[in-house]
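S.K.: sequence and predicted structure below; questions after.
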Amino acid sequence: MTSMAAMLAATIGATWATGAAALDVSIGYLRFERPPHAVLSNLDPIPERRGIEGAELALGDNRTTGKFLGHDYGLEVISVPFDGDIFAAARAMEADHDLILLDMAAKDMLAIVDAAPAGTLFFNVGSRDPALRDSACRAQLLHAIPSLAIEADALMQVLLAKGWNKLAMIEGPTPQDKALAETYRKSVQKFGLKIVSEASWSFDTDLRRAASREVPLLTQAFKPHDVVLIADAHGDFARYIEHNTWQPRPVAGASGLEAVAWAPVVEQWGAAQLQSRFEHLSGREMTPEDYAAWAAMRTIGEAVTRLGQTDPAELRDYILSDAFELAGFQGRPLSYRHWNGQMRQPIPVVNAHAQVASAPLDGFEHARNPLDTLGIDLAESRCSAFGD
């Protein structure tokens, strides 16, 4: 029996004994397409149905369980062009769905959640903005995608464990780059590392021809350092830094050593099976956004299976409780933080060809859950919407 089949069989067996009522579980996926962003390389195009296909894979998983219990799952996808009316689309979706996945920028997500009918439960599968888990949190918005702070903390744990304590950072020119750089600074301070030098990326030349000339000049003035940390939110220039620095140093952040929610090189704990099933469905590799959408759908499926009902308030309470666990093919059960709705998950730290580590690392302990060493902890949280 495969690991997925074993997991589903265990879930079904646990629930079957309590009896099951027929249920229709209708879930919405609302995406606001981002405007195109010009980058220096087209080697990594964004899949057209990124995220959506992760939700579709989980839909099949939910249906596998549901057919034994009389639970029928459905998924409606609305993808709004970047110049379209996302709020009209949200109103249309909310008329038929009270369980909705949101894939869009934080400001649009907040506007939709704030205007939604009472009782609607949303899952963020597209925004890593730390503020959504902090001062801008909303009680009816849970987060299946990790924040920038979680990913930064995972990376800093690995750098600290390797003794790479001195960092030189290159910050990109966009507002998103600057937000990422600030997140890195906070994480560096949290774990006691040090940024010894900083540089701003301002080149708009064709780096396919000029990287070997421009990058050494940019990095020549760096003080002695162990790693070059790259704050490049769009994956624009980062690929041209490695092997072009003035001093031979590893790179991390947006290239080289990266902390991500999911990557094709994750293979342990049954992950290879999930990767294979996704590739069979979509014809491509699974991205972090696909994994987040898969996890959100499976969260709903697991909660419905355990509770035998679809009421959003009841599902939310259960998902945020200590009783909820989700098998996520990452070696530890996934759960949700009751104070801000963030899904707890291990964070793979990877390079292009292999998984280097899974954070949190051994030695980074926590009184409640080692996964809470990543990102905003309860004592640091400014989120008051959850009542904790």
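M.R.: Nice, I can see it. Numbers count the residues shown, from 1 in each chain.
S.K.: contacts, neighbours, all on C-alpha from now
M.R.: Noted.
S.K.: what's the weakest-modelled helix or strand in this protein?
M.R.: Ranking every helix and strand in the chain by mean pLDDT, DSSP states H and E puts helix 3-16 at the bottom, with a mean of 49.
S.K.: sheet-wise, list the partners of the helix or strand following that one with their directions.
M.R.: From helix 3-16 onward toward the C-terminus, using DSSP states H and E, the following helix or strand is strand 23-32. For strand 23-32, the pairing partners within the sheet under DSSP bridges are strand 71-80 (parallel), strand 99-103 (parallel).
S.K.: can I get these in a markdown table with distance to Val125, mean neighbour count and mean pLDDT?
M.R.: What follows is these, written out as a markdown table (distance: least, C-alpha to C-alpha, whole Å; neighbours: other C-alpha atoms under 10 Å; pLDDT from 0 to 100):
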| stretch | distance to Val125 | mean neighbour count | mean pLDDT |
| --- | --- | --- | --- |
| strand 71-80 | 13 | 17 | 97 |
| strand 99-103 | 5 | 26 | 98 |
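S.K.: could I get these as CSV with distance to Val227?
M.R.: Supplementary listing: the strands paired with strand 23-32 in CSV, determined by distance: least, C-alpha to C-alpha, whole Å:
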stretch, distance to Val227
strand 71-80, 40
strand 99-103, 33
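S.K.: give the residue spans of the stretch 1-150 of the chain that score low on pLDDT.
M.R.: 1-20, 37-43 (pLDDT under 70).
S.K.: how many residues are close by Lys162?
M.R.: The number of residues packed around Lys162, counting by other C-alpha atoms under 10 Å, is 9.
S.K.: also Gly172?
M.R.: Gly172 has 26 neighbours, counted by other C-alpha under 10 Å.
S.K.: the residue nearest to it when sequence neighbours are not counted: what's it in contact with?
M.R.: Residue nearest to Gly172 in three dimensions, not counting chain neighbours: Trp201, with 4.9 Å by C-alpha to C-alpha, 6 or more residues apart in numbering. By C-alpha atoms under 8 Å, 6 or more residues apart in numbering, Trp201 lies in contact with Ile170, Glu171, Gly172, Pro173.
S.K.: got the confidence number for the first one?
M.R.: Right, the one you point to is Ile170. Ile170 carries a pLDDT value of 96.
S.K.: where exactly do the helices run in the stretch 201-350 of the chain?
M.R.: Under the criterion DSSP state H, counting those that start in this stretch, the stretch 201-350 of the chain contains helices at 207-219, 271-282, 288-307, 312-319.
S.K.: can you pull the phi and psi angles for the closest residue to Val266 other than its chain neighbours?
M.R.: Taking C-alpha to C-alpha, 6+ apart as the measure, Val266 lies nearest to Gln355, with 6.0 Å between them; neighbours along the chain are not counted. Taking degrees, to the nearest 10, you get phi -80, psi 120 for the backbone angles of Gln355.
S.K.: bridging residues for Gln355?
M.R.: So, taking DSSP bridges as the rule, Gln355 has Val350 as bridge partners.
S.K.: does it really touch Val265, like I thought?
M.R.: Yes. When contacts are counted by C-alpha atoms under 8 Å, Gln355 is listed as touching Val265 (5.9 Å).
S.K.: what is the burial count for Arg368?
M.R.: Neighbour number of Arg368 under other C-alpha under 10 Å is 8.
S.K.: that one - that's part of a strand, no?
M.R.: No. Secondary structure of Arg368, determined by DSSP: H, G, I helix; E, B strand; the rest coil: coil, with no strand assignment.
S.K.: oh, and call the first residue 178 from now on, that's how I've got it
M.R.: Done: numbering now begins at 178, and the last item shifts to Arg545.
S.K.: kindly provide the distance from it to Ser498.
M.R.: Distance of Arg545 to Ser498, computed by C-alpha to C-alpha, to the nearest Å: 13 Å.
S.K.: thanks again, I'm all set now.
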